[in-house]
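Undergrad: build me a model:
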Amino acid sequence: MTTTPPPARSVVVVTGATAGIGRASALEFARRGDAVALLARGEEGLAAAARDVEAAGGVTLPVLTDVADPGQVEAAAERVERELGPIDVWVNVAFTSVFARFLDIRPEEYRRVTEVNYLGFVNGTRSALRRMHPRDRGTIVQVGSTLAYRGIPLQSAYCGSKHAIQGFHESLRTELLHEGSDVHVTMVQMPAVNTPQFSWVLSRLPRKAQPVPPIYQPEVAARAVRHAADHPRRREYWVGASTAATLVANAVAPGILDRYLARTGFDAQQTGQAREPDQPTNLWEPADGGSGHDFGAHGRFDSRSHGTSAQAWASQHHGVLGLLAGSTLGALTAGLVRRRARA
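TA: Model prediction:
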């Protein structure tokens, strides 16, 4: 009896690996035995994430890194390749934000969000490509958002940075296609996810921030990230029915969506509870830095979150759906022809 050998171990880098989608993605890769480098700012979160990765069966390397600093990102990449080996997959996740009206966001805060979110992805992509491009192999996964296409109120800094990442991704992808490179970049557009960000993002809202329902668990997002890493020739993947519906509506009737979000977007992003004035913020310093608290992958919305997404499966299996649709259409056509022949 012959058995299929296990796949060769990959070296995977995940930024923003201490919480939310980053934490869940690191564990998703670890469960199949990959070596996972964890890049983030918070010491407590990094230590806890490293323990989780090792418990899941992966090899890990936690590296304190502020992705807004290209020197720190480059040094982290050098260390990863020195200690774990050539990088096969680089996943850009790290982000921060400010929940507030545009006029209530200070210039330095706007700059910081842009440096972490947009330039953080650029810095990670640059360091990954410096190593992958000469070898002509490797995959970069950009974790995007529905908000990469559709801006919403109270998140102008975040939406602007995600739009920038989308344009950067498309530009880079065309350059690699032009060269015939075997380095691939793909993007995963996420829905509202139950992550700790709503407990630590700088907020000037009167009530506690929340993701706009429907909400998905970070493991749904992580499985999509792993699938994208394994199938990177697709330019992007959509996760969640809400993502698909929003992007289609925005393409067809953006003006109507503007008015709808102006009417509903403020309340939809806030719970009925008053915001705690002393809640932690991670804009300038990690919320888990020196606090002794590990936030983990999940936020406080477990009871309201979905653990699966049929739409994500559909996004990953266009070929199967096409065959099913073709077979169904063929069967319907054949039946119609037979009925007409009998008539």
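
Undergrad: phi and psi next, for Val201.
TA: With angles defined as degrees, to the nearest 10, Val201 sits at phi -70, psi 140.

Undergrad: need the contact list for Ala209.
TA: Phe99, Phe198, Val201, Ser203, Gln269, Gln270, Thr271, Arg275 (CB atoms under 8 Å, 6 or more residues apart in numbering). No exception for glycine: its C-beta is placed from N, CA and C like everyone else's.

Undergrad: quick check: Pro70 vs Ala17, distance?
TA: Counting by CB to CB, to the nearest Å, the gap between Pro70 and Ala17 amounts to 18 Å.

Undergrad: okay, those two: which has more neighbours?
TA: Each of Pro70 and Ala17 has its neighbours counted (other CB atoms under 10 Å); Ala17 has more, 33 against 15.

Undergrad: Provide the secondary structure category for the more buried one.
TA: Here Ala17 is coil, with the state taken from DSSP: H, G, I helix; E, B strand; the rest coil.

Undergrad: how many neighbours does the nearest residue to it once chain neighbours are set aside have?
TA: The shortest distance from Ala17 to any non-neighbouring residue, by CB to CB, 6 or more residues apart in numbering, is to Leu38 (3.8 Å). Neighbours of Leu38 under the rule other CB under 10 Å: 29.

Undergrad: pull out the buried residues from stretch 257-269.
TA: Leu257, Asp258, Leu261, Gly265, Ala268, Gln269 (16 or more other CB atoms under 10 Å).

Undergrad: for the contacts of Ala209, work out which two are farthest apart.
TA: Val201 and Thr271 (14.0 Å; CB to CB).

Undergrad: who's more crowded, the two?
TA: Just comparing Val201 and Thr271: by other CB under 10 Å the higher neighbour count belongs to Val201, 24 against 15.

Undergrad: residues touching that one, list them.
TA: Contacts for Val201 (CB under 8 Å, 6+ apart) come out as Thr96, Ser97, Val98, Phe99, Ala209, Thr281, Asn282, Leu283.

Undergrad: run through the bridge partners of the fourth one.
TA: Phe99 forms beta bridges with Ser203, as assigned by DSSP bridges.

Undergrad: that one contacts Trp200, doesn't it?
TA: No - Phe99 is not in contact with Trp200 according to CB atoms under 8 Å; the separation is 10.9 Å.

Undergrad: buried stuff in stretch 189-205?
TA: For stretch 189-205, by 16+ other CB under 10 Å, it's 189-203, 205.

Undergrad: same check, this time on stretch 293-301
TA: So for stretch 293-301, counting by 16+ other CB under 10 Å, buried means Asp294, Phe295, Gly296, Ala297, His298, Gly299, Phe301.

Undergrad: and that stretch, how far out from the chain middle?
TA: Taking CA atoms, centre = their mean, to the nearest Å, one finds the center of stretch 293-301 at 16 Å from the center of the full chain.

Undergrad: same thing with stretch 175-186?
TA: 21 Å.

Undergrad: can you pull out the helices in this protein?
TA: Counting by DSSP state H, the chain has helices at residues 20-30, 43-55, 70-83, 107-135, 156-179, 197-200, 218-230, 241-252, 254-268, 310-316, 318-342.

Undergrad: contacts only, for the residue nearest to Ala17.
TA: Residues in contact with Leu38 (CB under 8 Å, 6+ apart) are Val14, Ala17, Thr18, Ala26, Leu46, Ala49, Ala50, Val53, Thr60, Leu61, Pro62, Val63.

Undergrad: and those as a markdown table, adding distance to Arg130?
TA: Shown next, in a markdown table, are those (distance: CB to CB, whole Å):
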| residue | distance to Arg130 |
| --- | --- |
| Val14 | 18 |
| Ala17 | 21 |
| Thr18 | 25 |
| Ala26 | 22 |
| Leu46 | 24 |
| Ala49 | 25 |
| Ala50 | 25 |
| Val53 | 25 |
| Thr60 | 23 |
| Leu61 | 18 |
| Pro62 | 22 |
| Val63 | 17 |
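
Undergrad: determine which two of these are furthest apart.
TA: Farthest-apart pair in these is Thr18 and Leu61; separation 13.8 Å (CB to CB).

Undergrad: higher neighbour count, the two?
TA: Using other CB under 10 Å as the criterion, Thr18 and Leu61 rank with Thr18 on top: 33 against 19.

Undergrad: the more buried one contacts Gly42, doesn't it?
TA: Yes - counting by CB under 8 Å, Gly42 is a contact partner of Thr18 at 5.2 Å.
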